[in-house]
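In: Got a sequence here, can you model it:
(2 chains)
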Protein chains: 2
Amino acid sequence: MKRRLLLVSNSTLHGSGYLDHCQQHISHFFGKDVKRILFVPYALHDRDTYTKTARDKFKTLGYEVDGIHEAADAVDAVRKAEGIFIGGNTFRLLKSLYDNKVVTEIRRRVLEDGVPYMGSSAGTNVATFSINTTNDMPIVYPPSFSAIGLVPFNINPHYLDTDPNSRHMGETREQRITQYHEEADTPSVLGLREGSLLLVEGNKATLLGTTKARLFSRGKPTVEYDPGSDLSFLLTH
Amino acid sequence: MKRRLLLVSNSTLHGSGYLDHCQQHISHFFGKDVKRILFVPYALHDRDTYTKTARDKFKTLGYEVDGIHEAADAVDAVRKAEGIFIGGNTFRLLKSLYDNKVVTEIRRRVLEDGVPYMGSSAGTNVATFSINTTNDMPIVYPPSFSAIGLVPFNINPHYLDTDPNSRHMGETREQRITQYHEEADTPSVLGLREGSLLLVEGNKATLLGTTKARLFSRGKPTVEYDPGSDLSFLLTH
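Out: As a prediction, the model looks like this:
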């Protein structure tokens, strides 16, 4: 398994710029061999502006960015990609990935060819088993909640601890994930707090970043993991 | 149009019990002629416990509650209902409404027969045009995001103002609704803050409760409405 993934909780951390908080991990992840990164801006309405934001940031790290929407043939763009980066609204993103018929090709490139895949927020959601644990608003209807399936578990990005002082009565994040696990055959959910990211290399998964992650598994107590933890066991399902 | 709806933002308000904050509106809405209310507990995993919660509360207001899941035939239960009340996780709720083939029958009973329909939170979402503006986690995949369609607009229950002091970088509620309106042909979205509810009687809609509501319409500035406001214009689309 050549799989190499960098799954980031959030693109912007409070008090810093776009992707600043994980830029060293990004440089290390894509390395020197990758020159051009295929950016998938499907998740935001203004794809050109979104691509410019990514292009400007990656330029400072020494990478060129190509927007998949600029290519004549999206599948062909994936076929030729040296590296892939995805972010945005999860529903719009997954629907566009299906509409443009690139779900299968991304899976093949990443799992068989070892093309490095970086996702943040929605791009992290769509990399996993399914988008059932996104926080996003379901603004469009995708043909399935099944995602690219680069890992066999789910992630909840922007994971938020329950605020004991809140007067808001909407469900807490923990309650929502617990409701998901009331459904049959649902996989584990890794709650990635803002500032944390997961590096997957083949069959090895490592928690990186500055915050702990919280693991929810159906029928089991939740477990907290410190940055640096080996989470490879999540890949063996 | 016999339509009578009571669409509540949230079932529990901080510091008070289940449905306490709107109990006078409930009594006035169902009135003296309704004796039994059909409760639809599809949205929570433990339907019996959820039904007991509703049954206990409605008993104090003088109503008997029947759980739709206790009926031998769900469509028949809707056909005979004197009043309907629905709440819970929006995705699980809408999927179960479709699975049990009661979407059309509820629409018919409410719009043609004038059966009073009360929804809170998810029950409010499914009463509207679509569930595209729910806050819930998409824990199951419904066959459509189109909802019962008792009104031609959408509601965002538990509407939350942007907290200028938050360090959390997930999208604000306003950003999410704005993203929805980037899509073509999307209806207005009424943001119902916790503590507010909308009463619909035929072609008249009135904002009730203790908090303002915020109206988002595609391509227009947002507008705030005070409790007591006449929002009937939302019904004429």
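In: Could you pull out the buried residues of the longest strand belonging to chain A?
Out: If you go by DSSP state E, chain A has its longest strand at strand A:36-43. Neighbour-count burial for strand A:36-43, counted by 16 or more other C-beta atoms under 10 Å in any protein chain shown, picks out A:37-43. Every residue, glycine included, has its C-beta placed from N, CA and C.
In: right, and the helix or strand after that strand?
Out: Reading on from strand A:36-43 to the C-terminus, the next helix or strand found by DSSP states H and E is helix A:47-60.
In: check contacts around the most centrally placed residue in chain A.
Out: With distances taken as C-alpha atoms, centre = their mean, A:Thr124 lies nearest the centre of chain A, 0.9 Å away. Shown in contact with A:Thr124 (C-beta atoms under 8 Å, 6 or more residues apart in numbering or on different chains): A:7-9, A:155, A:157, A:192.
In: which non-adjacent residue is nearest it?
Out: A:Leu7 (4.4 Å; C-beta to C-beta, 6 or more residues apart in numbering or on different chains).
In: helix or strand for that neighbour, which one?
Out: Applying DSSP H and E, one finds A:Leu7 within strand A:4-8.
In: Off-centre distance for that strand?
Out: In terms of C-alpha atoms, centre = their mean, to the nearest Å, the centre of strand A:4-8 is found 7 Å from the chain centre.
In: who are the neighbours of that strand, in terms of helices and strands?
Out: Counting contacts by 3 or more C-beta pairs under 8 Å, 6 or more residues apart in numbering or on different chains; DSSP states H and E, strand A:4-8 packs against helix A:23-30, strand A:117-120, helix A:122-125, strand A:196-201.
In: That one to strand A:196-201, inter-axis angle?
Out: 170 degrees (axes from the mean of the first three to the mean of the last three C-alpha atoms, to 10 degrees).
In: what's the angle between strand A:4-8 and helix A:23-30?
Out: Orientation check (the same axes, to 10 degrees): strand A:4-8 against helix A:23-30 gives 160 degrees.
In: what is the mean pLDDT for strand A:4-8?
Out: Here strand A:4-8 scores 95 as its mean pLDDT.
In: Name the strands paired with that strand and say parallel or antiparallel.
Out: Partner strands and pairing direction for strand A:4-8 (DSSP bridges) are strand A:117-120 (parallel), strand A:196-201 (antiparallel).
In: OK, contacts around A:Thr172?
Out: Per C-beta under 8 Å, 6+ apart, neighbours of A:Thr172: A:160, A:162.
In: could you pull out the strands for chain A?
Out: With DSSP E as the criterion, chain A has strands spanning A:4-8, A:36-43, A:64-67, A:84-88, A:117-120, A:154-159, A:189-193, A:196-201, A:204-209, A:213-216, A:223-225.
In: so which of these comes closest to B:Tyr141?
Out: strand A:154-159 (13.8 Å; C-beta to C-beta).
In: what does chain A put close to chain B?
Out: A:10, A:12-15, A:44-45, A:89, A:91-92, A:131-141, A:144-145, A:158, A:160, A:167-171, A:176-177, A:179-180, A:182-183, A:194 (C-beta under 8 Å from any C-beta of the partner chain).
In: Give me the buried subset of those residues.
Out: A:10, A:13, A:44-45, A:89, A:91-92, A:131-141, A:145, A:158, A:169-171, A:176-177, A:179-180, A:194.
In: Can I get the contacts of A:Thr124 in a markdown table including neighbour count?
Out: Output for those, formatted as a markdown table (neighbours: other C-beta atoms under 10 Å in any protein chain shown):
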| residue | neighbour count |
| --- | --- |
| A:Leu7 | 27 |
| A:Val8 | 30 |
| A:Ser9 | 29 |
| A:Ile155 | 27 |
| A:Pro157 | 30 |
| A:Leu192 | 26 |
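In: quick one: which of the residues you listed is nearest chain B?
Out: A:Pro157 (8.4 Å; C-beta to the nearest C-beta).
In: quick one: contacts for that closest one?
Out: A:8-10, A:120-122, A:124-125, A:134-135, A:192.
In: hmm, 7 Å instead?
Out: By C-beta atoms under 7 Å, 6 or more residues apart in numbering or on different chains, the contact set of A:Pro157 is A:9-10, A:121, A:124-125, A:192.
In: Of all pairs in those residues, which one is the farthest apart?
Out: A:Asn10 and A:Asn125 (11.8 Å).
In: For burial, what's the neighbour tally of the closest residue to A:Asp33 other than its chain neighbours?
Out: By the measure of C-beta to C-beta, 6+ apart, the closest residue to A:Asp33 outside its immediate chain neighbours is A:Glu82, 7.7 Å from it. Residues near A:Glu82, counting by other C-beta atoms under 10 Å in any protein chain shown, number 17.
In: before we move on, what about the one 5 residues further on?
Out: Here the neighbour count serves as a burial measure; for A:Gly87 (other C-beta under 10 Å) it reads 28.
In: OK, contacts around it?
Out: By C-beta under 7 Å, 6+ apart, the neighbours of A:Gly87 are A:11, A:43, A:119-123.
In: Repeat the analysis, applying 6 Å as the threshold.
Out: Applying C-beta atoms under 6 Å, 6 or more residues apart in numbering or on different chains to A:Gly87 gives the contacts A:11, A:120-123.
In: Then A:Glu70?
Out: No contacts exist for A:Glu70 under C-beta under 6 Å, 6+ apart.
In: Also A:Arg47?
Out: A:Arg47 neighbours (C-beta under 6 Å, 6+ apart): A:41, A:69.
In: Do you know the pLDDT at it?
Out: In this prediction A:Arg47 is given a pLDDT of 95.
In: and if you look at A:Met1?
Out: At A:Met1, pLDDT is 76.
In: Am I right that it is in contact with A:Gly202?
Out: Yes - A:Met1 lies in contact with A:Gly202 (C-beta atoms under 6 Å); the separation is 4.9 Å.
In: Count the neighbours of A:Thr210 for me.
Out: 13.
In: How about it, nearest residue that isn't a chain neighbour?
Out: A:Gly195 (4.4 Å).
In: For the one you found, which residues are in contact?
Out: A:Gly195 touches A:13, A:209-211, counting by C-beta under 6 Å, 6+ apart.
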